[in-house]
Structure formats: C-alpha cells, structure tokens
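Student: Fold the following for me, if possible:
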Amino acid sequence: MEKKHRMQKILFFLCIIVFLYSGWQLLNYYLTMKEVEREFQVVKTKAFPEETKPSKKGNKNRKIFDYEALKAQNKDTIGWIQIEDTNIDYPVMYRKNDNEFYLKKNFQKEYSVAGTPFVDGRWDPLNKQENMIVYAHHMKDGSMFAGLEQYKKKEYYESHKTIQLCLENKLHTYEIFGALVISAKQHAPLYYVMDITSEEEYKQYIEEVTPLFLYETGKEPKNGEPILMLSTCEYTKEDGRMVVLAKRIS
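Tutor: As a prediction, this is how the structure comes out:
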C-alpha cells in the first residue's frame, strides 16, 4: 500500500513538472512573438513616416512607403506587402539565389523564429521578370503568412480580394484569382511561375492551376498580367502549402 502511495506521489510530481514546463514553453513563445511584433512595428514606423492628404472624394489617407529609408538600413529590402484588415503587413526581402537566409532572420539580420517575408531567390529584377513568389512562415500566433489560411473560405476571399505590394518606389495592386492547398513535392511545377517566358506557357500555366482552386473566383488572368504567388506552410497535407495567386491590376 505504501509503495503504491509513493508511486502516486511520484506521478503527481511528474505531472506538475510537465505542466510547468509546458506553461513555460507557451509563455516563452508568447513573449518571443510579442518581441517579433514590436520589432516589425519599429520597421513599419520607419517605412511609413508620412501620409498623403485625403482626396476630395473622401478616400482614406494612404501612407507613403519610404523605400530608401529601409534600403539604407538593410540593402536586401525590396518592398512592402499588405493585405488590408489582416496581420499581413510586412517588409519584403530579396537575396539572389538564396531562399534560406530570411527563414530565420529578422529585418536586422538577427536570429528570429518568425523570419521575414522574402522573394524567391530565383527572381531576377534585372531580367525584367514580372511574375514573382513571396514566402513567409505560418506562425501559430497568426502572424506572418498564417492569415493566408483564411482564404480556404470563399466568404473571406470575397471581403479580402486585393494585395498591396510596394516594389522599391512603385505601389502595385494585385487582385486574387485563386487559393490552393497543395503538396510542395506533388505540385512543384506550380512554383515555376517565374520561368514563364511566352504567351503559350502563360496560358498553359493558368489552365493547369485553375482546376486546383478551392473555389471559383472568375478572375483568372487572360491578358498576360503579372502574377504574384504568396506561399506558406499548410498542415493538413504532407509537405503542404497554402498558396494564394493574384494578378497585377495597377
């Protein structure tokens, strides 16, 4: 009886240790992500120091992206991405032929579990490549590109149809035309969107990707508009990816 009582005590204390350790991990993650959020907020303040004046039509103020200010702090800066009314509001980085560096680096090039959104290193702006891919992590707290998960629902798409992407000093608006959940290995050819060089290849790409859409949007590009792909991890498939495709409209 005494031996049984002793075992119960040991199990009880082990449970407490596991509980405390789990609690510490959750707290540490929460504090880490709060610091990540603070760091990006500092970058955002420097990126958008001023606002335009409201138009006569009563449109909202549009902040002016100070590309040069961010470029002076980090030469890898290529732009800024935002989807209105979401957490996606971040600088975008680019290192030629390098898709690893910003997976675990913040804007200051210091270690960060959240990393920083970045353009596929195969992209070559000097070669006038119009199509591009931007990657970012799917963080548990809903930051980075975790919000792309919401595009699994058509209702969400209906109220979040556009993406704002500042590339250097130019502001581009993209209209979303498809959302997909894919396997990175099985559907690897979809990531060759940047390699399209002809009208025929463009048409073929759209024909191949459209059947994979989670729902119809009726917004597929028909005139060779530049394509933006946003990609992040997705956890219902093996090596899954949540992908959002958009076409440039301005």
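Student: only C-alpha atoms for contact and neighbour calcs from this point on.
Tutor: Noted.
Student: mind listing what the residue nearest the centre of the chain touches?
Tutor: The geometric centre of the chain, computed from its C-alpha atoms, lies nearest to F145 (Cα atoms, centre = their mean), at 3.5 Å. Applying Cα atoms under 8 Å, 6 or more residues apart in numbering to F145 gives the contacts I88, Y135, A136, H137, H138, M139, S231, T232.
Student: Identify the bridge partners of the second one.
Tutor: Read it as Y135. According to DSSP bridges, the partner residues bridging Y135 are F118, S231.
Student: For it, give its distance to T236.
Tutor: Using Cα to Cα, to the nearest Å, one obtains 19 Å as the distance from Y135 to T236.
Student: Have a look at these two and say which one is more surrounded.
Tutor: With neighbours defined as other Cα atoms under 10 Å, Y135 and T236 compare such that Y135 has more, 23 against 12.
Student: mind checking pLDDT for the more buried one?
Tutor: Looking at Y135, its pLDDT stands at 98.
Student: Please apply the same query to I17.
Tutor: Looking at I17, its pLDDT reads 58.
Student: how many other residues sit next to F65?
Tutor: F65 has 23 neighbouring residues, counting by other Cα under 10 Å.
Student: got it, and S112?
Tutor: Residues near S112, counting by other Cα under 10 Å, number 18.
Student: ok so, going back, for the contacts of F145, give me JSON lines that also has distance to S183.
Tutor: Output for the contacts of F145, formatted as JSON lines (distance: Cα to Cα, whole Å):
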{"residue": "I88", "distance to S183": "23"}
{"residue": "Y135", "distance to S183": "15"}
{"residue": "A136", "distance to S183": "16"}
{"residue": "H137", "distance to S183": "16"}
{"residue": "H138", "distance to S183": "15"}
{"residue": "M139", "distance to S183": "19"}
{"residue": "S231", "distance to S183": "12"}
{"residue": "T232", "distance to S183": "11"}
